[in-house]
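> what's the 3D shape of this:
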Amino acid sequence: MAKSKTLGSRKNENVDVLCYRFATLPTNEQIIQLNKTIGCCRYLWNRMLGDHNTLYQEIGVVPNNTPADYKSLEECLWLKEVDSLALANVQLNLNQAFQKFFNGKAGHPRFKKKKVCKDSFTTNNVSGNVRMEGKGIRLPKLGILALIRHRKVKAGGKLKSVTVCHEKDGKWYCSISFEYPKTEPVYPKPSEDMKHIGLDMSAPHLYVDSNGEPADFEKPYKKLQEKLAREQRKLSHRQKDSKNYEKQRKVVARLHAKIKHQRKDRLHKLSEQLTREYDLISIEDLDMSALKQTLNLGKSYSDNGWGMFVAMLLYKGKRNGCYIIKIDKCFPSSKTCSQCGYVHKELQLSDRTYVCPVCGNLIDRDEQAAINIDLEGLRILLSA
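The predicted structure is shown next:
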């Protein structure tokens, strides 16, 4: 699926970046080289982090080592067997991790442990060393890696970087970043006649829109919950690190991957459909982490993936020329009557039907909230 983020490169405001993620089918020889590259990247991260911590604690100086310095050491000559740009990206990622730590945006960088950390590496296109060929992609030290190209790549782009990832279920994926000449999105002129809709987040349906229609969204985790629990019980009865344990672990991992992919696929399709169909989409600015802890609905909210859905709406709205308005979370969307404007402060969370004590308006609570969100978003856009 396309998304507006690239790894291992500086942000350029004059270009648009699209990243395509394809499943890949490496040969046995390529799998050996891929695992070797991932292992070298993990080793280099741990070595550089350890040297950084040691020197800073002993003499208060931060080392400025590069991958080339380690490859020249007698005990690290095997680092030369993998792509040098993959190792260079390790240094860039470690520097970014320390920058986030010093800026207070993240914790101190931690060591990476095999079978626990994410297995991936990133390489960059330099002088055409990475390029699309036929139905695959050519990577340094690997040759042509076969891809399952389930969608067409937009023409006119410049290939910038490739991230190869090994999922826990054993499958390999390539995320390929392309840069395109920047195009300004064409937004419609704000007016009351524009096509607009409001979305109220709903635990059972992902959302309910201002037309009273729930989202066509079947919760993937809920659908496979019983089967997943059964397979996890089998895993708990296996002896750890045995062949049967590893075999059952892959069964559980495949179920988790299926749940994740079904959720992302449906959210991508819903967000793309909405941003193409409407000129304005209004949503609430919710703190999902707080909601998960306070309402005992953490599993249901996580299964919805509302935060991921909002992120998709934002960048696809920008791409498709659709306004995305976030309504303040303190706005009483559920308690305000959409007919007369009366704020029903006595409304409880357990009251799923709204009955206005002033005008007698009888409406579903979520539909009422979506209507108010829609009207408030339109008001904000027109006033701006």
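
> only C-alpha atoms from now on, for both contacts and neighbour counts.
OK.

> now the strands for the stretch 251-384 of the chain?
280-284, 323-327, 353-355, 362-364 (DSSP state E, counting those that start in this stretch).

> neighbouring strands for the last one, and are they parallel or not?
Right, the one you point to is strand 362-364. strand 353-355 (antiparallel) (DSSP bridges).

> before we move on, what about the first one?
Sheet pairing for strand 280-284, assigned by DSSP bridges, gives strand 196-202 (parallel), strand 323-327 (parallel).

> contacts for the first one next, please.
Okay, so that is strand 196-202. Outside of strand 196-202, the residues within contact range by CA atoms under 8 Å, 6 or more residues apart in numbering are 207-211, 278-284, 306, 366-367, 369-375, 377-378.

> got the strands of the stretch 251-384 of the chain as a markdown table, with mean pLDDT and mean neighbour count columns?
Formatted as a markdown table, the strands of the stretch 251-384 of the chain follow (pLDDT from 0 to 100; neighbours: other CA atoms under 10 Å):
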| stretch | mean pLDDT | mean neighbour count |
| --- | --- | --- |
| strand 280-284 | 92 | 25 |
| strand 323-327 | 93 | 20 |
| strand 353-355 | 76 | 18 |
| strand 362-364 | 78 | 15 |
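
> filter the contacts of strand 196-202 down to the buried ones, PyMOL style.
Selecting only the buried entries of those in PyMOL, with 16 or more other CA atoms under 10 Å as the criterion:
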select buried, resi 207+208+209+210+278+279+280+281+282+283+284+306+366+367+369+370+371+372+373+374+375+377+378
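
> and the host helix or strand of residue 52, what does it pack against?
Counting by DSSP states H and E, the element that carries residue 52 is helix 28-59. Identification of packing neighbours for helix 28-59 by 3 or more CA pairs under 8 Å, 6 or more residues apart in numbering; DSSP states H and E yields helix 84-102, strand 119-124.

> same thing but at 10 Å, please
For helix 28-59, the contact count by 3 or more CA pairs under 10 Å, 6 or more residues apart in numbering; DSSP states H and E identifies helix 67-71, helix 84-102, strand 119-124, strand 143-148, strand 158-166 as packing neighbours.

> now these in TSV, with mean neighbour count, distance to residue 359 and mean pLDDT?
As requested, the helices and strands packed on helix 28-59 are exported to TSV (neighbours: other CA atoms under 10 Å; distance: least, CA to CA, whole Å; pLDDT from 0 to 100):
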stretch	mean neighbour count	distance to residue 359	mean pLDDT
helix 67-71	16	72	92
helix 84-102	18	54	94
strand 119-124	24	60	95
strand 143-148	17	58	94
strand 158-166	21	58	95
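
> nearest to residue 60, of those?
Of all those, helix 84-102 sits nearest to residue 60, with 15.5 Å by CA to CA.

> how is the chain divided into domains?
As given by automatic domain parsing, the domain ranges for the chain are 15-181, 196-383.

> can you flag the weakest of those domains by average pLDDT?
Mean pLDDT is lowest for domain 196-383 among these, at a mean of 87.

> tell me how far it lies from the chain's centre.
16 Å (CA atoms, centre = their mean, to the nearest Å).

> before we move on, back to that, for residue 188, find the nearest of the domains of the chain.
Closest approach to residue 188 among those (CA to CA): domain 196-383, 6.9 Å.

> what about the closest one, how long is it end to end?
This stretch, domain 196-383, spans 15 Å end to end (CA to CA, to the nearest Å).

> rewinding a little: want to throw the helices and strands packed on helix 28-59 into a markdown table with distance to residue 233?
Converted to a markdown table, those look like this (distance: least, CA to CA, whole Å):
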| stretch | distance to residue 233 |
| --- | --- |
| helix 67-71 | 44 |
| helix 84-102 | 37 |
| strand 119-124 | 26 |
| strand 143-148 | 34 |
| strand 158-166 | 25 |
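
> most centrally placed residue in this protein?
Geometric centre of the chain, nearest residue: residue 308, 6.4 Å, by CA atoms, centre = their mean.

> that residue and residue 239, how far apart?
For residue 308 relative to residue 239 (CA to CA), the value is 36 Å.
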